[in-house]
Every structure is written in structure tokens, then in C-alpha cells.
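[1] Can you look at this prediction? I've put the sequence above it.
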Amino acid sequence: MLDTTVAAEANTVLNRLDEALIQHDIDAVLALFASECYWRDMLTFTWNIKTAEGKSGIRDMLESCLDQAQPHDWSLDEREVVTQTDDGVIEAWIVFETAVARGSGFMRIKDGHIWTLLTTMTELKGYEEPMGDSRPLGAKHGDDQGKPTWKEEREQELASLGIDTQPYVLIIGGGQGGIALGARLRQLGVPALIIEKNERPGDSWRKRYKSLCLHDPVWYDHLPYIKFPRNWPVFAPKDKIGDWLEMYAKVMELNYWGATEARQASYDESTGRWTVVVDRDGEQITLEPRHLVLATGMSAKPNVPTIEGQERFEGIQQHSSEHPGPDGMEGKKVAVIGSNNSAHDICAALAENGVDVTMIQRSSTHISRSESLMKYALGPLYSEEALANGITTEKADMLFASIPYALLADFQKPLFDEIRRVDADFYAKLEKAGFMLDFGPDDSGLFMKYLRRASGYYIDVGASQMIIDGRIKLESGAEVARLTKNSVELEDGRDIPADVVIYATGYGSMNGWAADLISQAVADKVGKVWGLGSDTPKDPGPWEGEQRNMWKPTQQEALWFHGGNLAQSRFYSHFLALQLKARMEGLNTPVYGQQSVHHLS
């Protein structure tokens, strides 16, 4: 920390905050906050992921949580420099403690008062992860010689967990989300079992269409503990990601059952246990975990629309999740219903292989060119340039998390205004080709669309130029009315010949998995998963201020949801793992601000 005027001002504010919190003087705390203020907390006060908005919201949170949390020892993080933005906002990294945890965070001070405050739980006291100086010895020396080797102990654990001993946590879904959470729980000593219907870790990527690749850059996509090597490609192909996940699961010693499908689950409130019946490669096994995590992903439960005439169509119908790629499509006419990432990827691969393909765009889509997204939106936090500026992946995650969702659109809009300006010719050509464009209902761009609805956008890695050039045919501006024997008919009467119809129509709410596995009553008890309550298309109000039901307690006891992209899987798995560890150790975890259910799906 530099001894500067802004550092001194930040230190003064933080010292006053520390003193007021220790004295439980809530009025004095509120006097330190600006009239417009936000406190985003991840577990340290609320045992929840919760943003308190405005002084009244902060007061309510502190009145409920302060006695239990017992915060103290707030100080500036001496490893970091206090800075000031061009518009005079002081930004400071902070550290603090509570009765049971150590925390870190980020504070913004505007005109002498706290504007935004992020507080996150770093570790539980007495249950720190064994790393650095406290890492395990590993080797068997002295009196330990002759005892079972690491290999023998590991084989025994794999043979026993789920058979002779029960996991504390059962994670359903072995993609990046389940694997990241499994790794976090492993380091915290929480017995966890991951089950996955595919045979091997990474198969959820390998078995998708051939052209699938990450549209997010490598700096954004690291998993916990093990970063991609420095020669890893910026945009990794699906099979490379699949192999990385398989390697990761092995070296992180995850308890992973492939070829295993959950059939039915129920919760016994009297015993506090789940009963989960699974099919493991043809063998029925009953598991009894304390906690159940659905890590089935935002892109796992296909949403296939019901369209008149589907039973009459004589060709092939596939959801995008079932589409293998262009092999076998030679000489066929393919209609792809949808205009988001998967639709563009599928259309591009078909067009590159000479297949006659038409994209049917029913509603407007946001497009960001990959290069522009990297330069203006992601680059300042996730790039080689960011690393050179001292912004590690961990710091980047915290900086992004420090912006309350209520303010994020305002932070994002200037970035996408600049993208729209520099790529004006590109957008003009797309619109001339008939493509319907948008930048979100408030012009805040791609990330807000993702956070609000997890759909409605495409990161352009080449398909847009194919639309401009006519290599991908485009029919836009009308809904699909029906299928005939050999075509797709739009509501305005246009008829598109088709031998194959691919539904790139996205995925349903994750609570649909709860309905299938547990019951519709439990799914309704939990309510809609994902979205902020922004009252924008596909994200109905009222305002929630956080992602619905993700990574935090739900209305169904001991049921959790974990998912999102690789970055979210990395970041939020830390907080979900801490919540599960605290419960396993019997810590008191009173949850403040649990969301009400306003929407069922």
C-alpha cells in the first residue's frame, strides 16, 4: 500500500467502519455510506450471496447479522495499492475477520463515503485448506513406513465411498461445474462423490457437435488450483477441454463415477438425509448423502419447442445438444431454428462443409466480435495485458464481483457503446443481410444478457461473415408456424425447404432437473433458477439483485444448484464449498435474505 492521500482517506474510512462494527453502532456504520450505496456479501455476514441495497437494506442486514458475525480487524490489504479513478472514486482492497472466518473484499469510496462494498469469505478458521506451508508431506517417512501407500489408500477410498461409506455431498453432473466443486470440497476434507451419466470426465464436451469450442478466452476459463499452461490456445476446442477435465479430475483425486445416472431422489427431514437411487453402469445403488448438489449446468436440459406438424415432418429433427456435426449432412437442406451461439456454430460448420443451411432467426440477437469483446470488455481483466498489470485471475474475479448487479449495466454500457462504434461497418453489413441486432433492452450488451437470461447473444468467431456473404442463408423476422413433410413454414407464409431441422432453442431452467429427479413440488418450492429479476425479456421481476438460487441455500433444505460458465464455476465453487464445509463441521450458519419464490420456471 502506498502512503498517499487516497490511501490515508481509505484507511480512515475503514478504521471508522471497524470501530463502528465492533461497537455494534449501526447508525455510525450507515453514516459512512453514501446515499446511494451497496454492500455485496458472500457468506461473511449473511451465510448467503446477498446484496444489501441502500442504507435501509444495509441496516436490515446488520440488525439481523451483526451479533452473529462479530466482524473485526478491518484493514487495507498491504499487498495492494489504493487507487483513484479519473472520476475521483477511491478503490481499495481490504481484509477483515469474523467470529468464524477470515475475509477479503473491495471498497469504492465516492466523495468521502462508501459507495460499494464487497465482503467475501476467504477461509474458515480452523479449517484452512492445506496448501503452501501447510501442504501435506505425501511421502511415508519414519514410523509411517510400511503403512499403506498413497496408491493403496486411494484405491481403498475409491472402492469404499458410496458403497461402504456415504458421501457427505453428492454432486450430480460431472462437467466443469461438478469437477470444480469436487476439487474445492476435496481440499476442504468434505467427502464428496460426483456422478456423471457419460463414461468419462470431459465427455459432456467431447460428445457435442464437432465445431464446438470455447468462445471465452483462456485467461477467463481457468479451473481452481491448476491454471491452463501458458501455451494453451486462446479459444480451446471442445475435445481439448474434455481431455483437460479428465486430467484434472484424476490429478485432483476426485471421487468420480462415470456411466452413472441418478434415477430418483427424496429428502427425509427427520434424518436430514437424501435417498438417491442411481444406476451405475447397469447396477442399482442407493446413496444417502447429507447434501445434494445439482451441477447439471445451464446448458443441459434441452428446450425443444412444440411446433405444429412435427409428427408429419419426414426428415431428421435434432436439438442442438444432439447434433453431431456436418458428417452425414451432405446433399441435405438443413434449417437451424435459433440465432444464438450454438446456432451460429452449427451453421458455420455446415456451411464450411458445403451443406445448404438456413438460419431461422425469430427474435433479435446481440452480436459481439470476439476481437472487440476481448479488447474492450474482457481484456482489462482477463488477458496477457491484465496479467502484466498485476491483475491475476483471482483479482479479476473479485473486481468483477465487486460491482453490484444493480450497477453492472451502467458499467457495461460504455464498453458496448465503444464496440458498437468501432464495429459500425460490421453491424451495418449484418443488418443489410437481414440480421436482427440488439445490444440488450438497455444497450448494456452481452454480459447482462447472459446474467439475466443466459441466452440471446453470439460471440462472433466467423459465422457472422458467412451470413453477410450469404454462405449461411438467413430467414428472419417471423416465428415458425409449422412443419410440413419437407419444409419449415413461417408465420408470414415463407416456406423453407428442409431435410433436417435442428432446434438451437436453448435450455430450460435448472429446476427442471429437480422436477425430474425429485418431484414437481420440490421444483416449485425452489422456483426459477438463474436471472436477476431485471424485468427484461426472459428475466421477469421483481428485482432479486443476485442470481436466483445459484451457489447458495434454496427453499429446499440441503439442495443446491451449481453451474454457469467456466469462470463462474471456478469463482462460486469456492463459496459453495465453504457453505457445505461449515455445515459438515456443525458451525452455526443462519441464512439472511433467502430469496422468495416468484416464478416457477
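    On my side now, so go ahead. Numbers count the residues shown, from 1 in each chain.

[2] Which residue ranges of the stretch 51-200 of the chain form helices?
    Along the stretch 51-200 of the chain, counting by DSSP state H, counting those that start in this stretch, helices occupy 54-69, 150-160, 176-187.

[3] so can I have CSV of these showing mean neighbour count, distance to R206 and mean pLDDT?
    For the C-beta atoms, the positions are set from N, CA and C on the backbone; glycine is no exception. As requested, these are exported to CSV (neighbours: other Cβ atoms under 10 Å; distance: least, Cβ to Cβ, whole Å; pLDDT from 0 to 100):
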stretch, mean neighbour count, distance to R206, mean pLDDT
helix 54-69, 18, 45, 98
helix 150-160, 11, 23, 92
helix 176-187, 27, 13, 97
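
[4] can those go into JSON lines with extra columns for distance to L474?
    JSON lines is the format used below for the helices of the stretch 51-200 of the chain (distance: least, Cβ to Cβ, whole Å):
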{"stretch": "helix 54-69", "distance to L474": "46"}
{"stretch": "helix 150-160", "distance to L474": "51"}
{"stretch": "helix 176-187", "distance to L474": "32"}
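
[5] Quick check: which of those helices is nearest to K110?
    helix 54-69 (14.5 Å; Cβ to Cβ).

[6] looking just at contacts, which helices and strands does that closest one meet?
    helix 26-31, strand 33-42, strand 49-53 (3 or more Cβ pairs under 8 Å, 6 or more residues apart in numbering; DSSP states H and E).

[7] Please work out the average pLDDT along the first one.
    Think helix 26-31. The average pLDDT within helix 26-31 is 98.

[8] quick one: buried residues of it?
    I26, V29, L30 (16 or more other Cβ atoms under 10 Å).

[9] between these, which is closest to R184?
    V29 (31.8 Å).

[10] Skipping adjacent residues, who's closest to the closest one in space?
    Leaving aside its chain neighbours, V29 sits nearest to A20 (4.5 Å; criterion: Cβ to Cβ, 6 or more residues apart in numbering).

[11] close enough to count as contact, that neighbour and A28?
    Yes. Proximity of A20 to A28 meets the contact threshold set by Cβ atoms under 8 Å, at 3.8 Å.

[12] ok, which stretches of the stretch 401-550 of the chain are helices?
    For the stretch 401-550 of the chain, the helices defined by DSSP H, counting those that start in this stretch occupy 405-422, 424-432, 446-453, 463-469, 511-517, 520-526.

[13] Restrict the second one to CA atoms and write it as CSV.
    This points to helix 424-432. Taking Å, rounded to 0.1, in the frame of the first residue of the first chain, the C-alpha atoms of helix 424-432 are listed here in CSV:
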residue,chain,number,x,y,z
ALA,A,424,-20.2,0.0,-37.1
ASP,A,425,-19.4,-1.2,-40.6
PHE,A,426,-19.7,-4.8,-39.5
TYR,A,427,-23.1,-4.2,-37.9
ALA,A,428,-24.3,-2.3,-41.0
LYS,A,429,-23.4,-5.3,-43.2
LEU,A,430,-25.2,-7.7,-40.9
GLU,A,431,-28.3,-5.7,-40.8
LYS,A,432,-28.2,-5.3,-44.6
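
[14] average pLDDT for that helix?
    98.

[15] residues of it that come out buried?
    Judged by neighbour count using 16+ other Cβ under 10 Å, the buried positions of helix 424-432 are F426, Y427, L430.

[16] what's the closest of those to M329?
    Using Cβ to Cβ, those come closest to M329 at L430, 25.0 Å.

[17] Tell me the spacing between that closest one and D438.
    Note on L430: its distance to D438, by Cβ to Cβ, to the nearest Å, is 12 Å.
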